[in-house]
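Q: turn this into a model:
(chains A, B and C)
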Amino acid sequence: MRVVIVGSGAAGNQAAETLRQLDSEVDITIVGADQEPFYSACALPDYLAGWVPRKTLFLRCAGFYRQQNINILLDLPVEAILPHEQLVLAGKERLSYDRLILATGSRPIIPSIPGTSLPGNFVVKTVADIDRILRHNPRQAVVVGSGNIGVEIAEALQIKGCEVSIVELQEQIMPRSFDLYPACLIQSILESHHIRVYTQERAREVFGHGRVEGLISDHYTFACDTVIWAAGVKQNTELAAAAGLGIGALGGIKVDKYLQTSNEKIYACGDCVETFDMISGQPALSLLWTSARSQARVAAYNCLGRDVLYPGALNIISEEIFGTNCAAAGLRGEQSSPETGRIIEREEHNGYTRIVISDNALIGVQTVGTLDALGPIITFMKSRTSLEEIMRILSTGFLLEKMPWVAPLQTWLSGQANEQGRV
Amino acid sequence: MYGYAGKMLEVDLSQGEIYKRDVKSDLARDYIGGIGFNSRILYDEIPVGADPLGPDNVLVFGVGTLVGTPFPTASRTEASAKSPLTNGFGTSNSGAFFGLQVKTAGYDAIICKGQAQKPVYLLLEDDKVEIRDAAFIWGKDAWESIDLLKKCHYGAEVVLIGQAGENLVRFASIENGYYDGFGRTGLGAVMGSKKLKAIVVRGSKPVVPADPVKLLELTDRGQKMIKAASSYGPFVSHGTMNATIPYGGYNAISTHNFSRGTLPDWKEKAGRQIVDIYSDRHIACQSCIIACGHIAEIKEGKYAGTRVKALEITPTVSFSSNVGLDTEATIKSYELCQRYGADLSSSGSVIAFAMELYQKGIINKDDVGYELNFGDDEAAFALLQDIVLRRGIGDILAEGVKRAAEHWAGAQEYAMHVKGLELPMIDPRGRWSTWTMGMLTNIRGGDHLRCRNPVENLRYNENKHEYQKERFGFKKPMYDRLDMPDDLKAQTIDLENDTVDIANMSKWAEDLINLFNAIGVCIRPPVMEAIGPSILAEAYQATTGMPMSAAQLMEGAERAWNLARLFNLREGETMKDSKFPRRFYQEAQSGNVVDEDKVQRVLEKYYQARGWNQTGGQPLPETLERLKLI
Amino acid sequence: MSQKRLLIDSRRCNGCGLCQLACAALRQGQWNPVLGRIKMIMDPLAREFRAYTCAQCQDPPCMLSCLMNVIYKERSTGVTLRHINGCIGCRVCELSCPFSAAVYDPVGDKVFSCDLCGGSPMCIEYCPQGALLFVDSQEEAERRREEAILGRELPDLIEPCPSSREEERSCG
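A: Below you'll find the model as predicted:
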């Protein structure tokens, strides 16, 4: 058995490690365009802020691959996949495979507006990107996009002593994770640390002579020496498309519940695939580290013929923004069903919590300033336990004895929360 | 400063303002913590003659110094204020987890002053302090209120008052969580008068000891010493209920308001075997290795479903023997008192007092509204509710027995109190000891918990006419093990005649208990017997890094005691107040009365041992000088 | 291979909190009960404290969620461990733990969980009631936990809700 993995990010590495755990014989080759060995993409803002030294970013050394007997070919972009011959072409290499795992990842989107090629435009994707930003030493920066990466980068730059503005197209920041009210709470944290936030603004033009001098949006002109593009990513699906694999409506590689692509010898996982949401069951692009790793595990299992279903992607993020912990998991309020959806909010001075309920089950939770009891909530969310069942579990001494960790939930669900009839 | 949190929180409820004071190192060294801090603050900050239920009274929660360390039983907090019952130094001690939370929130004491306009509760979460509206829990019982508060403040510890405190019942307690409480001297009424329903605390700061390794070693040693104590085994199995066997046997438990000898069925009602029947689960306070608390559960019958931490000797005897209820009703009375936030000991005494008045015809059915006979649980609980809600005759009884007795001619005879505080369960006519003597000398009035011979031998009760001495009854190793300075030990314990000098022992024991209450260690007999000032001095040193000797610690405790005495004298207490109710001197019980003159002699000797004026009990100038109080 | 596990016998536990305090002091170097890797929790029905700690899941959700890959299973013992130097304190493992058993230390900015003290849990030494046991395997721990629960007289048995562990099994 010979497995080739295209991509050396979180998904590629996890797939290789899982394969090796399951089978000590199988021949594993990772081939990727990255120049650096496997690093933690999530810790890049921390590296930028100076909290994490550069060497800590790298999670695996060359010795690890040798010890695990995994062939790894870095800095070697794959040129083509020949599904009929079961071959991968990369430079001079012709790698034949019995099973192929695609973990090609994604790349940041830079919109096609004037001036984006001037020096001073950056994206945040790899260690090299951060190295470049550090060399550039920004003094005034505009971050376009306010997903979790955008917000973290803005915070890191502010800590480096840079003047930062965030420009967001939607009417709130972090629109993929938070509802409006908690997003406003987070925005006020940012603003209290002198990060200016402009929502419902579209970047129109970057201007400057030989370098970035400013950015023009719908209503404002920003003077800046740096523009960071954090306005979403595009799935790297070109290889897959060229090989004739199916591409989904959202732009990711189409896979079934076993993460198999339209070719039965080829599996895909990580940022590049289009799976479905664990809670709503709708097609979804999950661009998170956790999802990439759990997908990679499932793909690895299935490669070896062990049928394992992928349970779906769960949107779960946790951030510390200027010392305040913010977390979101599952769906947002607006995604709950119009008839049965409701929201439970608790606002204590140590934190804000919002639980989204729809169809008689927990479907989402968002917090600002606290992480209490999120573990059990997310567990109930994943298991789609009905509210009655949760209340029964909480009201039974027998089960509390067995699972005392659910006790806090009782206070959350039956507590003195402001309950809203609808979203 | 190591060991201490380093800050005291002062809350002015009238103004809604919050101040933080530093704990100065000389205050820490001289007054140790807990009751030491409390007595200094009360003495300095309550104006003379202040109304205990007015805005001038100051309520202090002082956390013991060792709380937050694993030193065995280090969990205690002392609450103090001017008592609405005695008009003197009111103070009460409680364990559980409140002290730990206050300390980890960063405070050594919480000082509550003034009077809020409307019901409020105090919320402490580390540095954040808020005075919040308590309208949603005002009027609710303590357990309901805790449930509601815990839903808003997950993982927090709560001290609060029930309806008794809200209605200014003079013997209301401050409940500490569901089951524990600062019971005696009516502190709940003080909290109620301030319109402070609850204090909710959640802390997350570390306690930083100077020498953690040494402290762990001392913890280990302390645990071993406690486990070696003779009373450790019985306490683990039956808690304080052990003492019912000797005291019941000596006819020394209060029965029907001290009006008769023990009931024929006292053993079934109040013997220690009820622990085996009603409880299969122990419950501990922070860092405790004994876990003397029992969860008592009633499975069937009238009170089925009652589940409560219960079966401590004092409240059990108070309701089962003094009021005459059966065991299950006694367990129910725990729940009621804990919910209402009423002191269990005083509630029992007040109900027994009313029942005796009814029996003697001083009050009748028209006054009460129902029959009020000893042993009638429904009547007792109805009366308790009337008292707590201040309805009908309950309004008078809510003032405590001393004040209530003034309402009816001839009732004074039956008011069993010392200095206004209702007497607990021991009858000095049945057994005279350091413990019963302590009820007269106690700074908080008629209570037994501030003076107890650490090596009391409960097997002996033969010295009916000897008031100066009690039997020692142990062998030399126990004598050697007792952690007391040698010269004082020789003076106090006479090995040849096998006796203990009560006056000297009272002074020593009071100081020792004051030290325990200051440093935050529990005064349960196995701890008292095993842990002495020497190991506490080492623990204090390891915790705070300040040099400290056993003698200095005892001096600090004595200083606090004298300060409390000065407080009481300032409020007008005289030597005449240190007297048992007349009944003990006149009505024989098991063929015995207390000899007033002989007690007076012991009292004089005690004053002498304390360095107080023998005719009035005022601390002499040289005593004050020695204690650096002037 | 040793597969020993920590078992909390809740029948014996009386909630004194010594294990929590000792753990924080010995393992975290801070006398701060909040930092104990074994925690006390108030059972709201019984109104009593009970201890609980990391359940040593077979397929721990924290391991997958870790951004820095610092959480791993020790091969021989199956204990969930952390390369703590690599931890950047993002607390995502705290979120993903169904038992809320991970502990965040704000001073060191790291998240910890019970590692059985490398094979001889120190909390056991401090438990005055003998409620903490070190039993031979995960199965043994689960069997005895069941036994302890069934040993208590409770009205009617209810099937436990599907725990995350069962669900994790479906994906591996």
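
Q: now do the contacts for the residue of the stretch 151-300 of chain A found nearest chain C.
A: Here the residue of the stretch 151-300 of chain A nearest chain C is residue A:290; by CB to the nearest CB that distance is 4.6 Å. (Each C-beta comes from the backbone N, C-alpha and C, glycine too.) Residue A:290 is in contact with A:314, A:316, C:64, C:65, C:92, C:96, counting by CB atoms under 8 Å, 6 or more residues apart in numbering or on different chains.

Q: give me the neighbour count for the second one.
A: So that's residue A:316. When counting by other CB atoms under 10 Å in any protein chain shown, one arrives at 25 neighbours for residue A:316.

Q: again with the third one
A: Burial measure for residue C:64: 23 neighbouring residues, criterion other CB under 10 Å.

Q: just confirm it is within a helix.
A: Yes - applying DSSP: H, G, I helix; E, B strand; the rest coil, one finds residue C:64 inside a helix.

Q: that one and residue B:275, how far apart?
A: 50 Å (CB to CB, to the nearest Å).

Q: residues from the stretch 301-450 of chain B in reach of chain C?
A: With the criterion set to CB under 8 Å from any CB of the partner chain, the stretch 301-450 of chain B comes near chain C through residue B:307.

Q: what ranges does the stretch 301-450 of chain B have for its helices?
A: For the stretch 301-450 of chain B, the helices defined by DSSP state H, counting those that start in this stretch cover B:313-317, B:327-340, B:344-359, B:365-368, B:377-388, B:393-397, B:400-405, B:434-441.

Q: return the member of the contacts of residue A:290 nearest to residue B:271.
A: The nearest member of the contacts of residue A:290 to residue B:271, counting by CB to CB, is residue C:96 at 53.8 Å.

Q: looks like the closest one contacts residue A:377 (just checking).
A: No - counting by CB atoms under 8 Å, residue C:96 does not reach residue A:377; the two are 11.3 Å apart.

Q: smallest gap between chain B and chain A, at which residue?
A: residue B:151 (3.7 Å).

Q: hang on, residue B:277 in a helix?
A: Yes - under three-state DSSP, residue B:277 sits within a helix.

Q: so what's it up against?
A: Per CB under 8 Å, 6+ apart, neighbours of residue B:277: residue B:327.

Q: separation between it and chain C?
A: Between residue B:277 and chain C the computed distance is 16 Å (CB to the nearest CB, to the nearest Å).

Q: do residue B:193 as well
A: 28 Å.

Q: cool, residue B:614 as well?
A: For residue B:614, the distance to chain C - CB to the nearest CB - is 45 Å.

Q: ditto for residue A:45
A: Distance from residue A:45 to chain C, by CB to the nearest CB: 10 Å.

Q: report the secondary structure element holding the closest residue to that residue other than its chain neighbours.
A: In space, and not counting its chain neighbours, residue A:45 is closest to residue A:152: 3.7 Å by CB to CB, 6 or more residues apart in numbering or on different chains. Element membership for residue A:152 (DSSP states H and E) is helix A:148-159.

Q: on contacts alone, who are the packing partners of that helix?
A: With contacts defined as 3 or more CB pairs under 8 Å, 6 or more residues apart in numbering or on different chains; DSSP states H and E, the packing partners of helix A:148-159 are helix A:44-49, strand A:140-144, strand A:163-167, helix A:180-192, strand A:195-198, strand A:226-229, strand A:316-321.

Q: dump those to JSON lines, plus distance to residue B:423 and mean pLDDT.
A: As requested, the helices and strands packed on helix A:148-159 are exported to JSON lines (distance: least, CB to CB, whole Å; pLDDT from 0 to 100):
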{"stretch": "helix A:44-49", "distance to residue B:423": "66", "mean pLDDT": "90"}
{"stretch": "strand A:140-144", "distance to residue B:423": "74", "mean pLDDT": "94"}
{"stretch": "strand A:163-167", "distance to residue B:423": "71", "mean pLDDT": "94"}
{"stretch": "helix A:180-192", "distance to residue B:423": "57", "mean pLDDT": "92"}
{"stretch": "strand A:195-198", "distance to residue B:423": "68", "mean pLDDT": "94"}
{"stretch": "strand A:226-229", "distance to residue B:423": "77", "mean pLDDT": "94"}
{"stretch": "strand A:316-321", "distance to residue B:423": "58", "mean pLDDT": "86"}
